[in-house]
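Participant: predicted model and sequence follow; I will ask about them next.
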Number of protein chains: 2
Amino acid sequence: MIKACIVSIGNELLNGHTTDTNCSYICGHLLSIGVPVVGVYTVGDDIKQIVRALKRAAEDADIVIVTGGLGPTDDDITRQAFAELLGVKLQVKPALLKDIRKFFADRGLPMPEKNTIQACVPKGASPLENPFGTAPGIFAKMKKKLFFAMPGVPVEMKEMLEKSVLSRLAKKGTGGFTIVKKVRCFGTGESALAEKLGDIMTRGRNPLINITVSGGVITLHVVASAKTKKQAGQMAKKDVNHLRSLLGNLIFGVDDQTLPEVVGHWLTQHHKTITVAESCTGGLLTKLITDVPGASEYFTRGWITYSNQAKTELLGVPKQLIEKHGAVSEQVASAMAMAARQKAKSDFAIAITGIAGPAGGSKQKPVGLVYISVCNGDDCQTKKCLFSYTRDLIRTRAALTALNMLRLSFDLSA
Amino acid sequence: MIKACIVSIGNELLNGHTTDTNCSYICGHLLSIGVPVVGVYTVGDDIKQIVRALKRAAEDADIVIVTGGLGPTDDDITRQAFAELLGVKLQVKPALLKDIRKFFADRGLPMPEKNTIQACVPKGASPLENPFGTAPGIFAKMKKKLFFAMPGVPVEMKEMLEKSVLSRLAKKGTGGFTIVKKVRCFGTGESALAEKLGDIMTRGRNPLINITVSGGVITLHVVASAKTKKQAGQMAKKDVNHLRSLLGNLIFGVDDQTLPEVVGHWLTQHHKTITVAESCTGGLLTKLITDVPGASEYFTRGWITYSNQAKTELLGVPKQLIEKHGAVSEQVASAMAMAARQKAKSDFAIAITGIAGPAGGSKQKPVGLVYISVCNGDDCQTKKCLFSYTRDLIRTRAALTALNMLRLSFDLSA
């Protein structure tokens, strides 16, 4: 199986101002045609370092994908580095110069002199078309290794990757296909989940299973490689089914599905509605619900009752109940949910009350203490949670836990 | 001047599923204490490749910063790679094991057996404290080169970088100082703003001025380098003052200040309160307001009135007004804001109504059309906006524009 390596070029990638989003994009697209990326070298606009990275990348892989440094300004020196690597000179290509002049003419502008360099290609290499900008790419061969250099501007890179790189590699044949399926879980920790998986996560296994975690959502990546696309797809599907049998209702979705989408889909399918009353999450849960296009099918209104008085005035939570148990309590959470459900005349209601911090905690009620209540008809389930870390993470975890409780309550009501 | 190199570890970084945001964060923070990053090596969870990357990084730089591969599962092998690099064995540190057990006990959970590996450190290396998770970092020295290994989980990495890496390097002295000041703007486009700046953005200038844009917020990074911290600080300060004179009230804050923070600070200082009525942003604006710790000083309640009926039932917006002008109209936006302000008895109120898409648009009222109303006492200002791109971006831009309108209304009322 042939392999690729990426060389990412640009000072801005090393001074903290730009996150390299090209790499993961290129990795995913190469993998989808069966070419795994085995490493990425990120270097600044320095000719020695670029040449060294190109050489190392060619040692590691059959295909070297380069991004960045093809602009018209003095700090763009990827072309010169390529010429040095190949031991040749740069040559002006008249056809490219004509294209670049036309690019400016089409916009009613004269071509700045600096852009002439973009019509240059190392001798023996060929240009790659750039329909979205003035920087053509470069294709070169050296000792059976293939080099593709593309601009760093994402929209230009994506078009060139599709039209000039992937199509060329797919024609060549890559010796295999890789399918990646994702399985998304919520409701347990990473290591506890891994223990349920047993030896399915062994390195070198095919499909390979990787884990990533974000805001409490655990994603299992099933990476299946085979000679044909069909075979790879079947292998991935078999593993996804196996994961389902191991993990049961810890799994809420596949691929890029989110908890709000899954919950929203169920509500739409079952013609049910939901409302929300939020205290410590202050709008975050409602925001997540309405992130989903078409949420108006099942959501019409919600209340942010941040102060005690607001809980009483807007929802009718008895003042005495708050005085007796405190605003952060099981009793107040379920009273908020029940009141919201009645006022909205909805099928389901969620209420959240807690201490998001950093201030406001006590020994009895520490920062991170959150009560979440989910009502389905007259049946209310209230959960006491203790979340960790920052205000942001406590709020995110609380909102996602609420959506997950709602999801699990569907299973019971179905 | 000492230099650093980063080794980023994880299969998920090479299979297209995860964008590496740690690198630019680390680069920026190292640069701020005068340590430039000269290269990044990204490799998968493969022990040979990790060891090779560590060796190459140590050739390139004095300090090697490693992220990822410290989790409890079988694909996490950074510890083992370090032991191989150093030619030593892994040792269980009883104190670490105790901490990890406590981490689980505090959450009322038994420690999964798999987590034992996280208490292991290569012989001769020392652990770095991780207050936010179960994976301690690793600090090792080899041939005068310093190695710091941190978890890949951003929140854990950031805390460890600050507490265990930057503080240690700053003490050591780095041979020069770079101060980065940020100036944050809202209310214009990137190129229009750049035109106001003239030649202050010239490459090679010191301080160097870079621009980044995110969700409509434009950040100018002033990067000043000098022999002493004081000198660099003075240079940065001079440029920030110059930017203030050029950009006036387009600037809402400095460094990491957000619009909700700036607005919240003003409200607190002036003992004023605010309420919110949201339609298309569905909780996002309220979420942004309550992101700020201490928001309860000035925010007590808000309404999410997603349907027409909710606008009438919860806020008392006349049904006829909605029928006559439509829910997405100047009239309904200002009626929502006025009603919310009266009901909440607050000083200020914001209302947002619009079409976030992707569906629901028409020729007269296209996707992206949003009316935002800001009331200060009986004085209401309503703005018609047309935002572009995705549902997510339309909602974000609407919420931030609302906060910016509020900020500018303070200037008038001050």
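Facilitator: Received the coordinates, thanks.

Participant: in chain A, where's the longest helix?
Facilitator: helix A:391-413 (DSSP state H).

Participant: now find how far off-centre that helix is within its chain.
Facilitator: What separates the centre of helix A:391-413 from the centre of its chain is 20 Å, taken as C-alpha atoms, centre = their mean, to the nearest Å.

Participant: near chain B, anything from it?
Facilitator: Yes: counting by C-beta under 8 Å from any C-beta of the partner chain, contacts between helix A:391-413 and chain B involve A:391, A:392, A:393. Heads up, the C-betas are built off the backbone N, CA and C, glycines and all.

Participant: can you pull the buried residues of that helix?
Facilitator: A:391, A:393-407, A:409-410 (16 or more other C-beta atoms under 10 Å in any protein chain shown).

Participant: again with stretch A:342-357
Facilitator: A:343-344, A:346-357.

Participant: so which of these are in strands?
Facilitator: Among the buried residues of stretch A:342-357, the members falling in strands (DSSP state E) are A:348, A:349, A:350, A:351, A:352, A:353, A:354.

Participant: taking the residues you listed, tell me the two that lie furthest apart.
Facilitator: A:348 and A:354 (19.8 Å; C-beta to C-beta).

Participant: about what we covered before: which elements pack onto the longest helix of chain A?
Facilitator: With contacts taken as 3 or more C-beta pairs under 8 Å, 6 or more residues apart in numbering or on different chains; DSSP states H and E, helix A:391-413 sits against helix A:259-269, helix A:284-290, strand A:348-354, strand A:369-376, strand A:379-386.

Participant: so which helix or strand takes in residue A:179?
Facilitator: Residue A:179 belongs to strand A:177-185 when elements are defined using DSSP states H and E.

Participant: so, in contact with chain B or not, the next helix or strand after that strand?
Facilitator: Next along the chain after strand A:177-185, taking DSSP H and E as the criterion, comes helix A:190-197. Yes: interface with chain B: helix A:190-197 contributes A:190, A:191, A:192, A:194, A:195 (C-beta under 8 Å from any C-beta).

Participant: give me the angle between helix A:190-197 and strand A:177-185.
Facilitator: Our comparison of helix A:190-197 with strand A:177-185, counting by axes from the mean of the first three to the mean of the last three C-alpha atoms, to 10 degrees, yields an angle of 120 degrees.

Participant: how about helix A:190-197: buried residues?
Facilitator: A:190, A:191, A:192, A:193, A:194, A:195, A:197.

Participant: got any ranges where chain A has weak pLDDT?
Facilitator: For chain A, applying pLDDT under 70 flags the ranges A:173-175, A:203, A:412-414.

Participant: what's near enough to touch the residue nearest the centre of it?
Facilitator: Using C-alpha atoms, centre = their mean, the residue of chain A that lies closest to the mean C-alpha position is residue A:256, 8.3 Å off. By C-beta atoms under 8 Å, 6 or more residues apart in numbering or on different chains, residue A:256 lies in contact with residue A:182.

Participant: for the stretch 151-300 of chain A, what lies in contact range of chain B?
Facilitator: Going by C-beta under 8 Å from any C-beta, the residues of the stretch 151-300 of chain A near chain B are A:180, A:182, A:189-192, A:194-195, A:201-203, A:208, A:210-213, A:219, A:221, A:223, A:276, A:278, A:281-291, A:293-296, A:299-300.

Participant: filter those residues to the buried ones?
Facilitator: So, by 16+ other C-beta under 10 Å, the buried ones in these are A:180, A:182, A:189-192, A:194-195, A:201, A:208, A:210-212, A:219, A:221, A:223, A:276, A:278, A:281-291, A:293, A:295-296, A:299-300.

Participant: what's the domain layout of chain A?
Facilitator: Taking automatic domain parsing as the reference, chain A has its domains at A:4-172, A:177-254, A:259-413.

Participant: would a markdown table of these with distance to residue B:157 be doable?
Facilitator: What follows is the domains of chain A, written out as a markdown table (distance: least, C-beta to C-beta, whole Å):
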| stretch | distance to residue B:157 |
| --- | --- |
| domain A:4-172 | 14 |
| domain A:177-254 | 13 |
| domain A:259-413 | 13 |
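
Participant: just say which of those is most tucked in.
Facilitator: Comparing the domains of chain A by mean neighbour count (mean count of other C-beta atoms under 10 Å in any protein chain shown), domain A:259-413 ranks first with a mean of 21.

Participant: show me how far that domain is from its chain's centre.
Facilitator: 26 Å.

Participant: do stretch A:106-118 as well
Facilitator: 37 Å.

Participant: ranges for the strands of the stretch 201-350 of chain A?
Facilitator: Ranges of strands in the stretch 201-350 of chain A, per DSSP state E, counting those that start in this stretch, are A:208-214, A:217-226, A:251-254, A:274-278, A:299-305, A:348-354.

Participant: which residue of chain A sits farthest from its center?
Facilitator: Distance to centre of chain A, C-alpha atoms, centre = their mean, peaks at residue A:320 (45.8 Å).

Participant: how far away is that residue from residue B:313?
Facilitator: Per C-beta to C-beta, to the nearest Å, residue A:320 is found 27 Å from residue B:313.

Participant: circling back: okay if I get the residues of helix A:190-197 next to chain B as CSV plus distance to residue A:152?
Facilitator: Converted to CSV, those look like this (distance: C-beta to C-beta, whole Å):
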residue, distance to residue A:152
A:190, 34
A:191, 38
A:192, 41
A:194, 37
A:195, 42
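
Participant: residue A:282 touches residue B:295, doesn't it?
Facilitator: Yes: between residue A:282 and residue B:295 there is a contact under C-beta atoms under 8 Å: 7.1 Å.

Participant: need the overlap of contacts for these two.
Facilitator: A:306, B:289.

Participant: contacts for stretch A:105-123?
Facilitator: Outside stretch A:105-123, the residues touching it (C-beta under 8 Å, 6+ apart) are A:70-73, A:76, A:79, A:82-83, A:86, A:88-94, A:96-97, A:99-101, A:103-104, A:127, A:134-136, A:138, A:140.

Participant: repeat that for stretch A:83-90.
Facilitator: A:47, A:51, A:54-55, A:79-80, A:120-125, A:140, A:142.

Participant: ok, which pair from those is furthest apart?
Facilitator: It's A:55 and A:120 that sit farthest apart of these, by C-beta to C-beta, at 21.6 Å.

Participant: in the stretch 1-150 of chain A, which spans are strands?
Facilitator: With DSSP E, counting those that start in this stretch as the criterion, the stretch 1-150 of chain A has strands spanning A:4-9, A:37-43, A:63-67, A:90-92, A:120-122, A:126-128, A:137-142, A:145-150.

Participant: next, the angle strand A:4-9 makes with the third one.
Facilitator: Using the same axes, to 10 degrees, the direction of strand A:63-67 lies 20 degrees away from that of strand A:4-9.

Participant: and of the buried residues of helix A:190-197, the nearest to residue A:371?
Facilitator: residue A:192 (23.4 Å).

Participant: the closest one and residue A:214, how far apart?
Facilitator: 17 Å.

Participant: same thing with residue A:178?
Facilitator: Residue A:178 is 23 Å from residue A:214, by C-beta to C-beta.
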